[in-house]
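Colleague: sharing a model prediction with you, sequence too.
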Amino acid sequence: MIARLLLLVAMLASAIAGAAAQEAPLVADLSDREIEVSTGFTGADLLVFGATDAPIGPGGDEILVVVRGPTRPVVVRRKVRALGVMWVNGPAARFSGVPGFYAIAGTRPAWQILPEQERQNNGLGLDALPLVSTGARNPHFRAALLDLEKGSGLWLEDAATVEIGANRLFHVRVPLPAAVPTGDYRVEVLLVRSRRIHARQEMEFRVDRVGAADRIATVAETQPLVYGVVCVLLAAFAGWFGSVLFRRS
Amino acid sequence: MQVYLPIAEMSADALLLVGIGFGVGWLSGLFGVGGGFLLTPLLILIGIPSPVAVASGANQTLGASVSGLIAQWRRGNVDAKMGCVLLAGGLLGSFAGVQLFALLRRIGQVDTAVSLFYVVVLGTVGVLMVMESARAILRRRRSVRRRLHAHYWMHGLPLKARFRKSRLYISVIPPALVGFGIGVLSAVMGVGGGFMLVPAMIYFIGMPTAVVIGTSLFQVVFVAANVTLLQAVQVGSVDLLLTMLLLGGGVAGAQFGAALGTRLRGEETRALLGLMVLGVAVSLLWGLVRRPDNLFSLGPAL
């Protein structure tokens, strides 16, 4: 960890030198371009760090970091009473293009440092996500989607703040929980100067299954019949093997 | 020790899963049933998505039943002909059941339907078992001579066949129907169906008790294999790692349970099993009737 931090500091130092030389207002990078989900995966941290050409912090520039995961369609269902006794799923709303992971962090919350219109246009903040639904029209469904995603730890708003070091360096640690979906992720770092987005940098990283977890999931997806046969044979073998191993008579 | 389940796409405690497998295996060895009816609700309880719990439960049942089948086959307690008739119905039933399951999943009613199936089936079976064993315990002293077998409407059906091991000459339609029903239930509930099949074979078909366990295991193994295959191909929800962890504990537990089971009397065992089945039914019923903490739920759009 120490060695890694030292390395980061060295990278930051060279980044600042580069920034100064090229007059780029913002440079940023990620600690990992590839998050590996193995059978022992329990979540990971992604470090987003960088430097600017002018002082950050109160009175100066502000930094916003947004991480967006792969999108997928989801259905939000509301339980209703059926037959007067039990609760069953009733009306549903289908949302398309819902990010499987979304995290936003800043030196201050986005709504404090950007005009409302600008924030909505750029989708900065959970309430600014462009969630379009079909089906039930009730706004409760959208609120419920936000609640459920926040509860699962996959949507994070200002869970961590962007830390400032030496006036021009910044870093933030974005937690990726164990249930993080696999796929391509987009990281956006925004430099806000006098309530306007002055510069932005986009980066990408991937969350990939590796090892046994990857092989199992790949075979299950691409060759379901083979996978099913393997499951049947392995289970039968385990049953037979167990009866031999633990025979008590 | 956390382990990432690749199909369920979540991480769970491996020791907890092995422990659940052991506990369920122990009970199933004790009572001579597959234990799927306990396993699937337990998996759902610890947060495994219903489709994965049902499919992996069926796969686990297959493994757990294989060792029992081998032992029964060696002792000649399997009526293979009756087993094949049951199986023919069972394969058709499990095919229909998986279609039903896929349909329920599309309309978003899997959780309710699985719970409801459990409440109705387990409730009925549990009540019948408790009543039957209570009666048996009460009249243990009085020896009642039962008729060899009674004739009723069932014996007038066509397509009669002779089942030598079961010492029966009956129509193949009732066993095939029983098999079909069990097949549907095993696909929707992720159970082998032994706890329903055994009473049905004794009381409905009229088979001698000696060959019932072996023959039901014969049917359960093949139906569970078919459900595993169909779920893997159609729904894609069999988690191999989950199954293997459960089986690891399960096969060990089953042997210890079976060792204890030989020291208990039949009626007491059946009464205990009946009470346990009822307990599961009541807790699931409570889950359906109680007002949920969060009325909204999130699922993948299909």
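Modeller: Perfect, thanks for sending it. Numbers count the residues shown, from 1 in each chain, chains lettered A, B, ... in the order given.
Colleague: excluding residues flanking it in the chain, which one is nearest residue B:68?
Modeller: Using CB to CB, 6 or more residues apart in numbering or on different chains and skipping the chain neighbours, the partner closest in space to residue B:68 is residue B:217 (4.9 Å). C-beta here means a position set from N, CA and C on the backbone, and glycine is covered the same way.
Colleague: so how far is residue B:254 from that neighbour?
Modeller: Taking CB to CB, to the nearest Å as the measure, residue B:217 falls 12 Å from residue B:254.
Colleague: residue A:95 too?
Modeller: Distance of residue A:95 to residue B:254, given as CB to CB: 45 Å.
Colleague: what helix or strand is residue A:49 on?
Modeller: For residue A:49, the element it lies in under DSSP states H and E is strand A:44-52.
Colleague: that strand near chain B anywhere?
Modeller: No: contact of strand A:44-52 with chain B is not found when judged by CB under 8 Å from any CB of the partner chain; the minimum separation is 11.7 Å.
Colleague: dump that strand to PDB, restricted to CA.
Modeller: The C-alpha coordinates for strand A:44-52 follow below in PDB (Å, rounded to 0.1, in the frame of the first residue of the first chain):
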ATOM      1  CA  ALA A  44     -12.700  -3.500  -4.700                       C
ATOM      2  CA  ASP A  45     -11.700   0.200  -4.500                       C
ATOM      3  CA  LEU A  46     -11.000   2.300  -7.500                       C
ATOM      4  CA  LEU A  47      -8.700   5.300  -6.900                       C
ATOM      5  CA  VAL A  48      -9.300   8.300  -9.200                       C
ATOM      6  CA  PHE A  49      -6.500  10.900  -8.900                       C
ATOM      7  CA  GLY A  50      -5.100  13.800 -10.800                       C
ATOM      8  CA  ALA A  51      -3.900  17.400 -10.800                       C
ATOM      9  CA  THR A  52      -5.000  20.800 -12.000                       C
END
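Colleague: contact partners of the next helix or strand after it?
Modeller: Along the chain past strand A:44-52, the next helix or strand (assigned with DSSP H and E) turns out to be strand A:62-68. Residues from elsewhere that reach strand A:62-68, judged by CB atoms under 8 Å, 6 or more residues apart in numbering or on different chains: A:46, A:48, A:50, A:52, A:56, A:99, A:101-108, A:110, A:113-114, A:123-124, A:162, A:170, A:172, A:174, A:185-193.
Colleague: now stretch A:226-246
Modeller: Stretch A:226-246 has contacts (CB under 8 Å, 6+ apart) with A:216, A:219-220, B:59-60, B:62-68, B:70-71, B:221, B:225, B:228-233, B:238, B:240, B:243-244, B:247-248, B:250-252, B:254-256.
Colleague: can I have the buried ones of the residues you listed as a PyMOL selection?
Modeller: Filtering the contacts of stretch A:226-246 down to the buried ones (16 or more other CB atoms under 10 Å in any protein chain shown) takes a single PyMOL command:
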select buried, (chain A and resi 216+220) or (chain B and resi 59+60+62+63+64+65+66+67+68+71+221+225+228+229+230+231+232+233+238+240+243+244+247+248+250+251+252+254+255+256)
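Colleague: which of the contacts of stretch A:226-246 fall within strands?
Modeller: Assignment to strands by DSSP state E places none of the contacts of stretch A:226-246 there.
Colleague: the residue of chain B found nearest chain A: what's it in contact with?
Modeller: Going by CB to the nearest CB, chain A is nearest to residue B:251 of chain B, at 2.4 Å. Listed by CB under 8 Å, 6+ apart, the contact partners of residue B:251 are A:238-239, A:241-243, A:245-246, B:25, B:63-64, B:67.
Colleague: what about those, which are in strands?
Modeller: Judged by DSSP E, strands contain none of the contacts of residue B:251.
Colleague: which of those residues are buried?
Modeller: Looks like the contacts of residue B:251 have A:238-239, A:242-243, A:246, B:25, B:63-64, B:67 buried, using 16+ other CB under 10 Å.
Colleague: flag the least confident of these.
Modeller: In terms of pLDDT, the weakest of these is residue A:246, which scores 69.
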